[in-house]
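A.B. asks: sequence below, structure please.
(2 chains)
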2 protein chains.
Amino acid sequence: MSTSAQHALVHIHSQEHDLHVPVTEISLEDSPGSAPNPPLRIYRTAGPGSDPVVGLPPLREAWIADRGDIETYPGRERNLLDDGPTAIRRGAASREWKGTRPKTLRAAADRTVTQMHYARAGIVTEEMRFVALRENCDVELVRSELAAGRAIIPANINHPESEPMIIGKAFLVKINANIGNSAVTSSIAEEVDKMQWATRWGADTVMDLSTGDDIHTTREWIIRNSPVPIGTVPIYQALEKVNGQASALTWEIFRDTVIEQCEQGVDYMTIHAGVLLRYVPMTAERVTGMVSRGGSIMAGWCLAHHKENFLYTHFDELCEIFARYDVAFSLGDGLRPGSIADANDAAQFAELDTLAELTARAWAHDVQVMVEGPGHIPLHLVRENVERQQELCHGAPFYTLGPLVTDIAPGYDHITSAIGATEIARYGTAMLCYVTPKEHLGLPNKDDVKTGVITYKIAAHAADLAKGHPGAAERDDALSKARFEFRWRDQFALSLDPDTAEAFHDETLPAEAAKTAHFCSMCGPKFCSMRISQDIRDQFGGMSEQEAIAGMEQKSAQFRASGSKVYLDDPTVSNT
Amino acid sequence: MSTSAQHALVHIHSQEHDLHVPVTEISLEDSPGSAPNPPLRIYRTAGPGSDPVVGLPPLREAWIADRGDIETYPGRERNLLDDGPTAIRRGAASREWKGTRPKTLRAAADRTVTQMHYARAGIVTEEMRFVALRENCDVELVRSELAAGRAIIPANINHPESEPMIIGKAFLVKINANIGNSAVTSSIAEEVDKMQWATRWGADTVMDLSTGDDIHTTREWIIRNSPVPIGTVPIYQALEKVNGQASALTWEIFRDTVIEQCEQGVDYMTIHAGVLLRYVPMTAERVTGMVSRGGSIMAGWCLAHHKENFLYTHFDELCEIFARYDVAFSLGDGLRPGSIADANDAAQFAELDTLAELTARAWAHDVQVMVEGPGHIPLHLVRENVERQQELCHGAPFYTLGPLVTDIAPGYDHITSAIGATEIARYGTAMLCYVTPKEHLGLPNKDDVKTGVITYKIAAHAADLAKGHPGAAERDDALSKARFEFRWRDQFALSLDPDTAEAFHDETLPAEAAKTAHFCSMCGPKFCSMRISQDIRDQFGGMSEQEAIAGMEQKSAQFRASGSKVYLDDPTVSNT
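C.D. replies: Okay, the predicted model is just below:
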């Protein structure tokens, strides 16, 4: 899976608990003068890798079983309609999953199997230990943040293949990549490939937002191969089951869809329970009305029936279901602004009040919660969003889509949104949903997925640095040191995208010799500021300011004696 | 030059002063129901366009002459060494400029021809009026900001082809694009093409940073074709004249190079006069030492001679020269950090103190000044940079390179730096120097120039929005309205990059019919949140909240009666 020969999959091993946490280790060359550089270990989201038709091994199976609070059961009966109207017309779903499938689990009667429940009971799970090793922090921090609701570990007991990860502001900022087919495009194999591709580049979770054919089967393939938590928006599938007629939706159809997805192993679900009937007219005067698909489905339902949103009225029942599988809520912001003109308006903040109320209700059931946020927000209004959400929702993790800080750059909305994402994460947003260059224009292809993921790794990491997160600057410092010492291969290996860095370098200086050259194409071989800086370090390194100034006159004479050259005329000399 | 058939070059005409200011006018389609949308006029940096071998007409020639304070003179004698050692070996420069060339001008004896001088004397120039029309502001704001030193109009009297533009925090945030050849690559025609390409996409100024062959001739071609101010770093050319030996540099060689460039029409020059001898050792313990090429050339000179930087000791003489042509200082930050580890350190801020002193000295000569800033700064330390600079330098325009907020993404440094650039501009930086995807890896090609410019237009515009700059949101609102109404062609036309927006759309839905379709590929034709939103507006638009709630039950009955469909089953219906 690695993109650099210097990258290796290694494991952090906890002997005490027999845990093996995969990390990527980057080996580095020696500095000039043969001073060795220790290898750098970085967080790895790609897992061990899998053959799509086989799936991943069930890493967490024994942990889940050993807690003694679950039961196996046959599960809900499979229905062709789960794969949509076209599967019924065909009489079959496409490409049924034939790999191994864990037995369907649920909590035993009167038991709760959520990580929040364990944390509140003072139980440290293997999932928490795994996360603490990944985050290089104390496991008590993990447990206490989970118990307080300030962090979640999305870990459905029916997705034992996933590697535990934590979403919360005390931890590394995470990113989500959306994939999924639509009525217009895409196949199952493509979506599995996108999921693997996204995690290879660093996606911490993946949402399957399929709305086209074979929703159930596509999701099965994705979950069985996914080393990261999978999120969904179950109302999308429910709508397909009623042939797209929102008014025909019922709590029973929705409930059945949720159970179907719980049994498959979906780790978190977006639930638009905050779109209340009375909020709907508040969007009428907006420039861009409602832009959330799930939000507008529920608004359509509310209008058709003049009834309160059934996700709101049945919310406690949903909590009971989620508690049985450890599915986390991602409380959807159906009224998020779709343009900067609509940012931070009454509709958006009214819904946030309701999301805060729902957070408390979910916590009463020990169900894990994160809260979704916008959207399109000009930069000076971004901070208010996270601070308001954190206060109202008592620190429940915030999970935002960007936000985009301007509307005028379709084709570049990964960038417009990364600016807002860095700002919002800096002030406490725990997970950022990526935006690809295709936002507003089309469905992302594989290149777009990669661009979106890398762009959001930048935003998340820049926020970690701004927050002073422990150890966050290590990779920056290692890369900067490599840059200063012209260790080109190490620069590539330490990059978020080694392939692109090397390809760009080679466009101007393709020869293999240039990889070890002590110059670059910006200034050419004749002159190099880095080399002068190294001379200065050789002269003044370790001296006090007084010593340095005293030593300058003497060094100046030596410099003149040695020919006073700021660069070497013979470029082959500087290649050594 | 335009990228959309809906873009037209039109002129804002001031009858009072017979001024014609080019703008791009974007025509828009009607909204549904035939409500017309007024055309949107946007700031245009591309000028009228030119044939590279002919050059641009001298727009400002009469304005300059009519002030009666200049003289023509033969100018300095052309020297083959101006084009570097290879021109001497060949006995000729490559491709000498053969187009029209304005007569060489300078201030008449005892006169000062800077826009700052006029502004302080209460004179409103044509340049100021042109700028006020471009910025849609009162000309007195322009004059008073120039007089106070808080803004500059870089406008060498020997570059009459340029369209006046203003750099200052009271005005639209500007962006600069760097071009220029190096010892490794590139031709004159390529560099002229890059300049035209950069201004087409929105570069407000262009810096020619050539360090390779034919520096003088390349610059001549660029200036004669450039509708935007041209900046340079004259020490680069001076170094070539002494065959790259920094210790061989002298004030006389540098002075001669500066006059050569003043006579050609360079509008602003980066001068690394703040790299003082005593500051040099302060960089020794840095992770990345000195990364400014000009800064390290001067540091090398200081070390070789154990003398104070000649740019500092001769600064007043430089001011006298600049005053004679109206060349603006761009005070270089030779000690800027080259990694986040070195951000906001003692060396950087020591130099800034000196740049503040030099700002005051230049102002004493009525010479316009901007101050350059970093570089590599983690997000939480960015704001301090601009606030400190603004305070120390009494509001002189700040002109920063990014800053990059992380070091780990070579290949994506347009993005890492756009995040920092938006932040620093939001707090008052007046101009942003772009960074391309090739930063740290190679020289930008044409695609990289475009990506860098568009990325920085995003940063500058997002900062304008965050500052609440008058009218800044107009384009966002027009695009968002077009998006909401599925006016696809208008969305493209209003985009920073219409070509890319349309190409991305067409990747998923290439048919011409899809351009007028009332849906997009994200959700497909069956369901669309925008359509539901429009239904809501039709129902509740203009109502108070009470009226809306009262009207909901009635509307609900109508909705059920009409079939309760949230989407249309027949996609052809929604194509109308």
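A.B. asks: how about the contacts made by whichever residue of the stretch 451-576 of chain A sits closest to chain B?
C.D. replies: Here the stretch 451-576 of chain A gets closest to chain B at one residue, A:Ser533, 2.5 Å apart by CB to the nearest CB. (Each C-beta comes from the backbone N, C-alpha and C, glycine too.) A:Ser533 sits next to A:484, B:283, B:286, B:288-291, B:296 when contact means CB atoms under 8 Å, 6 or more residues apart in numbering or on different chains.
A.B. asks: secondary structure element for it?
C.D. replies: Under the criterion of DSSP states H and E, A:Ser533 resides in helix A:529-540.
A.B. asks: count of neighbours near A:Val405?
C.D. replies: A:Val405 has 33 neighbours, counted by other CB atoms under 10 Å in any protein chain shown.
A.B. asks: and it, how far from A:Thr422?
C.D. replies: Separation of A:Val405 from A:Thr422 (CB to CB, to the nearest Å) stands at 10 Å.
A.B. asks: can you check A:Gln491 too?
C.D. replies: 23 Å.
A.B. asks: who has more neighbours, those two?
C.D. replies: The neighbour count for A:Gln491 versus A:Thr422, taken as other CB under 10 Å, is higher for A:Thr422 (32 against 28).
A.B. asks: flag every buried residue along the helix holding A:Ser533.
C.D. replies: Buried positions in helix A:529-540, judged by neighbour count with 16 or more other CB atoms under 10 Å in any protein chain shown: A:529-537, A:539-540.
A.B. asks: what is the mean pLDDT for that helix?
C.D. replies: For helix A:529-540, the mean pLDDT works out to 74.
A.B. asks: and if you look at stretch A:205-224?
C.D. replies: The model assigns stretch A:205-224 a mean pLDDT of 94.
A.B. asks: name the SS class of A:Leu146, please.
C.D. replies: helix (DSSP: H, G, I helix; E, B strand; the rest coil).
A.B. asks: what's the spacing between it and A:Asp110?
C.D. replies: Counting by CB to CB, the gap from A:Leu146 to A:Asp110 is 22 Å.
A.B. asks: swap in A:Pro102?
C.D. replies: To A:Asp110, A:Pro102 is 23 Å away according to CB to CB.
A.B. asks: try A:Ile340
C.D. replies: 49 Å.
A.B. asks: neighbour count: those two, which is higher?
C.D. replies: Applying other CB under 10 Å to A:Ile340 and A:Asp110 shows that A:Ile340 carries more neighbours, namely 29 against 6.
A.B. asks: look up phi and psi at the more buried one.
C.D. replies: Backbone torsions for A:Ile340, taken as degrees, to the nearest 10, come to phi -60, psi -20.
A.B. asks: so it touches A:Ala409, yeah?
C.D. replies: No: in this structure A:Ile340 lies outside contact range of A:Ala409 using CB atoms under 8 Å: 11.9 Å.
A.B. asks: count the residues that sit near A:Arg95.
C.D. replies: Look at A:Arg95: counted by other CB under 10 Å, it has 15 neighbours.
A.B. asks: nearest residue to the middle of chain A?
C.D. replies: Geometric centre of chain A, nearest residue: A:Ile175, 2.0 Å, by CA atoms, centre = their mean.
A.B. asks: now chain A, which segments are flagged as low pLDDT?
C.D. replies: Confidence mapping of chain A against pLDDT under 70 gives the ranges A:1-3, A:183-186, A:510-528, A:545, A:549-576.
A.B. asks: if I look at the nearest residue to A:Asp208 once chain neighbours are set aside, how far off is A:Val233?
C.D. replies: Once flanking residues are discounted, A:Asp208 sits nearest to A:Gly180: 5.0 Å by CB to CB, 6 or more residues apart in numbering or on different chains. According to CB to CB, A:Gly180 and A:Val233 sit 9 Å apart.
A.B. asks: which residues in the stretch 151-300 of chain A form helices?
C.D. replies: Using DSSP state H, counting those that start in this stretch, the helices found in the stretch 151-300 of chain A span residues A:188-201, A:215-225, A:234-241, A:251-264, A:293-305.
A.B. asks: turn these into a markdown table, columns for distance to A:Thr416.
C.D. replies: Rendered in a markdown table, the data for the helices of the stretch 151-300 of chain A read as follows (distance: least, CB to CB, whole Å):
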| stretch | distance to A:Thr416 |
| --- | --- |
| helix A:188-201 | 20 |
| helix A:215-225 | 28 |
| helix A:234-241 | 26 |
| helix A:251-264 | 32 |
| helix A:293-305 | 21 |
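A.B. asks: between the ones you listed, which gets nearest to chain B?
C.D. replies: Counting by CB to the nearest CB, chain B lies closest to helix A:293-305 out of these; the figure is 3.7 Å.
A.B. asks: so the residue lying closest to A:Pro444 once chain neighbours are set aside: helix, strand or coil?
C.D. replies: Leaving aside its sequence neighbours, A:Pro444 sits nearest to A:Thr436 (CB to CB, 6+ apart; 4.1 Å). The assignment at A:Thr436 comes out as coil when based on three-state DSSP.
A.B. asks: run through the residues that contact A:Thr436.
C.D. replies: A:413-414, A:444, A:448-449, A:451-452.
A.B. asks: show me what counts as buried in the strand or helix carrying A:Leu465.
C.D. replies: Assigned by DSSP H and E, A:Leu465 belongs to helix A:446-466. By neighbour count with 16+ other CB under 10 Å, helix A:446-466 contains the buried residues A:448-466.
A.B. asks: how close does the residue lying closest to A:Cys319 once chain neighbours are set aside get to B:Pro397?
C.D. replies: The spatial neighbour of A:Cys319 that comes closest, neighbours along the chain excluded (CB to CB, 6+ apart), is A:His365 at 3.8 Å. Separation of A:His365 from B:Pro397 (CB to CB): 57 Å.
A.B. asks: of these two, which one has the most company?
C.D. replies: Taking neighbours as other CB under 10 Å, A:His365 and B:Pro397 compare with B:Pro397 leading, 29 against 20.
A.B. asks: show me the contacts for the more buried one.
C.D. replies: Contacts for B:Pro397 were tallied using CB under 8 Å, 6+ apart; they are B:150-152, B:167-169, B:369-371, B:430-431.
A.B. asks: would you check which pair of these lies furthest apart?
C.D. replies: By the measure CB to CB, B:Lys169 and B:Val369 form the most distant pair in those, at 14.0 Å.
A.B. asks: which parts of the stretch 151-300 of chain A sit against chain B?
C.D. replies: A:182-185, A:211-212, A:239, A:243-248, A:277-278, A:280-293, A:295-297, A:299-300 (CB under 8 Å from any CB of the partner chain).
A.B. asks: filter those down to the buried ones.
C.D. replies: Buried residues within those, counting neighbours by 16+ other CB under 10 Å: A:182-185, A:211-212, A:239, A:244-248, A:277, A:280-293, A:295-297, A:299-300.
A.B. asks: which ones among the residues you listed map onto strands?
C.D. replies: With strands taken from DSSP state E, there is no overlap with those.
A.B. asks: next, count neighbours for A:Gln546.
C.D. replies: A:Gln546 has 9 neighbours, counted by other CB under 10 Å.
A.B. asks: any idea how far B:Arg286 is from it?
C.D. replies: 19 Å.
A.B. asks: with just CA atoms, put stretch A:218-234 into PDB.
C.D. replies: The C-alpha trace of stretch A:218-234 is given here as PDB (Å, rounded to 0.1, in the frame of the first residue of the first chain):
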ATOM      1  CA  THR A 218     -22.300  -2.100  -2.100                       C
ATOM      2  CA  ARG A 219     -22.200  -1.300   1.700                       C
ATOM      3  CA  GLU A 220     -21.500  -5.000   2.500                       C
ATOM      4  CA  TRP A 221     -18.500  -5.000   0.300                       C
ATOM      5  CA  ILE A 222     -17.200  -1.700   1.700                       C
ATOM      6  CA  ILE A 223     -17.700  -2.700   5.400                       C
ATOM      7  CA  ARG A 224     -16.000  -6.100   5.100                       C
ATOM      8  CA  ASN A 225     -13.000  -4.400   3.600                       C
ATOM      9  CA  SER A 226     -12.800  -1.300   5.700                       C
ATOM     10  CA  PRO A 227     -10.200  -0.800   8.400                       C
ATOM     11  CA  VAL A 228     -11.900   2.500   9.300                       C
ATOM     12  CA  PRO A 229     -15.300   3.200  10.700                       C
ATOM     13  CA  ILE A 230     -18.100   3.400   8.100                       C
ATOM     14  CA  GLY A 231     -20.800   6.100   8.300                       C
ATOM     15  CA  THR A 232     -24.000   6.300   6.400                       C
ATOM     16  CA  VAL A 233     -27.200   8.400   6.000                       C
ATOM     17  CA  PRO A 234     -29.900   5.800   6.300                       C
END
